[in-house]
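Trainee: Structure of the sequence below:
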Amino acid sequence: MSSHHPPISLDGRPLEIEDVAAVARGTVEISLAPEARARMLAARDVIDGIASGDQAVYGVNTGFGSLSKVKIPPDQLAELQTNIVRSHAAGVGDPLSTDLVRGMMILLAASLARGHSGVRPILVEQLLALLQAGITPIVPSRGSVGASGDLAPLAHLALVLLGEGEVQRDGRRMPTATALAEIGLQGLQLQAKEGLALLNGTHLMATCGALAIFDLERIIQAATVAAAMSLDGCRGSHGPLDPRIHNVRGQPGQIAVAATLRTMLEGSTIVEAHRENDPRVQDPYSLRAIPQVLGAAIDAISGVRRTIEYELGGVTDNPLVFVADDGASAEVLSGGNFHGMPLAIGLDILRVAACHIGGISERRVYWVLSGHDVHNPVTPYLAEDPGLQSGLMIAQYTAAACVSEMQTIANPASVANIPTSAGIEDYNSMGATSGLLTMHSIGLLRSVISIELLTMSQALEHQRPLVSGAAVESAHARIRSVVAPLSGDRSPAPDIRAVADLIADGCFG
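Mentor: Below you'll find the model as predicted:
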C-alpha cells in the first residue's frame, strides 16, 4: 500500500474505505481535529458529573452486563474501568493480522472522536501515537460474538493503552511497556466509562468489512479481465454480450459487466476467426452467462459497501452522550449500537458473492484445460507436449480446492445465536466470525482468479497470431511481465503467486 495517502483529520466525518485500507496497510499522518477535541471535552464533562453524583448510569458507575444492577462507589470507578479491560481480554487463537488490528485502531479512534462516548481526548491521541510509531497490539482472533461490541478483541487492544499486554513493532514481539518506553510514552490510567467505551464497538467487524470491500473491488476488476480473456481464450461467442439482451432485463450489474466486456474485447481478431461456419450453437453457462453471474455478485457487494460506509461514520459505543448544540443540556442514553447484525449479514453476503465469482471462474479454467473443444486450437491442459507434460492440469485442481473451501465457509454465521452474560445478552450477531471467514474467503478467491488469468494468458498464446481486444492484450502483457509463457512443465505455484500479487496491487483496474 502506498504511503502517499493524504493526511486524515478525525473531525467527526465518516472515514472512507480507502482511508481504512491506507492506515491498515501503510503509514498515514492522522490527527485529532480541534472541533472533535472540543466535542469530546464537552461530553467528558457530562460523564465526570455523573461519576461524582448519586444517579446510577449504566457503564459509568455500575457493573456490566448481567452485573449492571451493582452500583459502584466513586472512589472505585477507575478500578472498575481497568478491571473491565483486563477481565474481557479473554481471546484465544492465532493473532489477528497487523492490517486488521491497525484498522480496528483507526476505527476506534474515529468513533471516540465523534464526541458521544464521553472519553478524554488522550485516549484518541494515544491510539494515533501507536499507529504512527508502527506499534501494533497482539490481539487473539477468537472471542467476539458480535454484540456488546467486539469485546474480547478490543479488550486486548485496550490493554495496550494501559501499558499492558503485548505488541509487535518492526517484526519484534515485546511487552507493551517496552514499546511505549521506546517512543517516550507510558500506560494510561482510565477514568469513568473509558474502559467500556474502548470495548463497546463493532471495530473488528467493520474493519473486516472495509478491507473486504477494498480487496474485493480489486479482485472484481481482475475477474472481469479474466472473463474477457476467457471468452477469446476459449473462442467463445461475443453475441451474448449484445446490450439489447441485458437492457431488457434491467439488472444494473449485469448491464455494466456486459458493457465492460464489450469494451475490453473490441478489436479482437480471434472472434472474427470463428464468426462464420462455427457449428457450436451456444457456449457453456460459464462463458455465456458471465454478465448475469458476475453482475449479480457486483450488485450484492455494492449493497454491502453502503452498509460498511454507514458504519465508518457511526458511533457504536454504549451508553452515548448527547450534548445540546448550545451546551445548555445533555443526556446519556443507553441502547444497542454495539450490535453487529448489519455487518454480520453483509459479511455473510460477501462470502456468497465471492463463491460465485470464484466458482464460475474455475469452470472456465476447467473448460479450456479439458481440450475437448475441437474448434479451439488449444492443447489438453495447455501443455506443449500433452502426455509427456501435464501443463496446467493441477492448477485447475487448486482452483477447485479453493472454491470448495469457499463454499464450505459460505454458510452464514449471522443466522446462529448463542446467548451470553447470564442471558441479558441473549441475541448475538456472530459478526466477527463472519468477518474473519470473509477475509479468508477473499484470499482464496484471489488465488482462483489468479489461476484463471494465468491459464487464459496461456490459452491466448495458442490463438496466435490472432489477438484479443486491446484491453485484454494489455492485461496479457502485464501478466507476461511477471510470468513467462509455458514452454514446458514447471511449478505453477510461483506463477500463481505472482499474478495474485498483481491483483492485490490493483494492476487490473
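Trainee: Going by C-alpha atoms from here, please, whenever you check contacts or count neighbours.
Mentor: Fine.
Trainee: how about the nearest residue to Asp283 once chain neighbours are set aside, what does it touch?
Mentor: Among residues not flanking Asp283 along the chain, Gly236 sits closest, at 6.4 Å (C-alpha to C-alpha, 6 or more residues apart in numbering). Gly236 makes contact with Ser230, Val271, Asp283, Leu287, according to C-alpha atoms under 8 Å, 6 or more residues apart in numbering.
Trainee: Test my guess that Thr269 contacts Gln463.
Mentor: No. When contacts are counted by C-alpha atoms under 8 Å, Thr269 is not listed as touching Gln463 (9.7 Å).
Trainee: The residue most central in space within the chain and Ala197, how far apart?
Mentor: What sits nearest the mean C-alpha location of the chain, by C-alpha atoms, centre = their mean, is Ala212, with 1.9 Å. Separation of Ala212 from Ala197 (C-alpha to C-alpha, to the nearest Å): 25 Å.
Trainee: Can you read off the backbone torsions of Thr62?
Mentor: Torsion angles at Thr62 (phi, psi; degrees, to the nearest 10) stand at phi -130, psi 170.
Trainee: Ala78 is in contact with that one, correct?
Mentor: No. Using C-alpha under 8 Å, Thr62 is not in contact with Ala78, being 11.9 Å away.
Trainee: Where does the prediction get shaky in the stretch 351-500 of the chain?
Mentor: Filtered on pLDDT under 70, the stretch 351-500 of the chain yields no residues whatsoever.
Trainee: so where do the helices sit in it?
Mentor: Under the criterion DSSP state H, counting those that start in this stretch, helices of the stretch 351-500 of the chain are mapped to 393-408, 431-461, 470-480, 493-504.
Trainee: Identify whichever of those lies nearest to Val57.
Mentor: Nearest to Val57, of all the helices of the stretch 351-500 of the chain, is helix 431-461, at 27.7 Å by C-alpha to C-alpha.
Trainee: how about the closest one: buried residues?
Mentor: For helix 431-461, burial by neighbour count (16 or more other C-alpha atoms under 10 Å) applies to 431-461.
Trainee: what's the answer for stretch 210-226, then?
Mentor: For stretch 210-226, a neighbour-count test (16+ other C-alpha under 10 Å) marks 210-220, 222-226 as buried.
Trainee: Take the residues you listed and keep only those in helices.
Mentor: The members of these that map onto helices under DSSP state H are 210-220, 222-226.
Trainee: Which two among those residues are spaced furthest apart?
Mentor: Between all members of those, the farthest pair (by C-alpha to C-alpha) comes out as Ala210 and Ala226, at 24.3 Å.
Trainee: in the stretch 151-300 of the chain, which spans are helices?
Mentor: Under DSSP H, counting those that start in this stretch, the stretch 151-300 of the chain gives helices at 151-161, 176-182, 194-199, 203-233, 243-247, 252-265, 270-273, 285-288, 290-311.
Trainee: how about those helices in a markdown table, adding distance to Arg169?
Mentor: Shown next, in a markdown table, are the helices of the stretch 151-300 of the chain (distance: least, C-alpha to C-alpha, whole Å):
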| stretch | distance to Arg169 |
| --- | --- |
| helix 151-161 | 13 |
| helix 176-182 | 8 |
| helix 194-199 | 22 |
| helix 203-233 | 20 |
| helix 243-247 | 52 |
| helix 252-265 | 43 |
| helix 270-273 | 53 |
| helix 285-288 | 46 |
| helix 290-311 | 29 |
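Trainee: got CSV for those helices, with distance to Val368 and mean pLDDT too?
Mentor: Formatted as CSV, these follow (distance: least, C-alpha to C-alpha, whole Å; pLDDT from 0 to 100):
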stretch, distance to Val368, mean pLDDT
helix 151-161, 45, 98
helix 176-182, 54, 97
helix 194-199, 51, 96
helix 203-233, 8, 98
helix 243-247, 26, 98
helix 252-265, 18, 98
helix 270-273, 15, 94
helix 285-288, 11, 97
helix 290-311, 16, 98
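Trainee: Nearest to Ala324 among these would be which one?
Mentor: helix 194-199 (20.7 Å).
Trainee: other SSEs contacting that closest one?
Mentor: Helix 194-199 sits against helix 77-88, helix 151-161, with contacts defined as 3 or more C-alpha pairs under 8 Å, 6 or more residues apart in numbering; DSSP states H and E.
Trainee: roughly how far apart are Gln191 and Thr408?
Mentor: 45 Å.
Trainee: cool, and Gly163?
Mentor: 40 Å.
Trainee: got it, and Leu265?
Mentor: Noted for Leu265: a distance of 34 Å to Thr408, by C-alpha to C-alpha.
Trainee: Between those two, tell me which one has more neighbours.
Mentor: Each of Leu265 and Thr408 has its neighbours counted (other C-alpha atoms under 10 Å); Leu265 has more, 24 against 11.
Trainee: Can you report phi and psi for Ile30?
Mentor: Dihedral angles (degrees, to the nearest 10) for Ile30: phi -130, psi 140.
Trainee: contacting residues around the closest residue to it other than its chain neighbours?
Mentor: In this structure, Ile30 finds its nearest non-sequential neighbour in Ile8, 4.7 Å apart by C-alpha to C-alpha, 6+ apart. Taking C-alpha under 8 Å, 6+ apart as the criterion, Ile8 is in contact with Asp19, Val28, Glu29, Ile30, Ser31.
Trainee: Helix, strand or coil: sort out the last one for me.
Mentor: Spelled out, it's Ser31. Secondary structure for Ser31, judged by DSSP: H, G, I helix; E, B strand; the rest coil, is strand.
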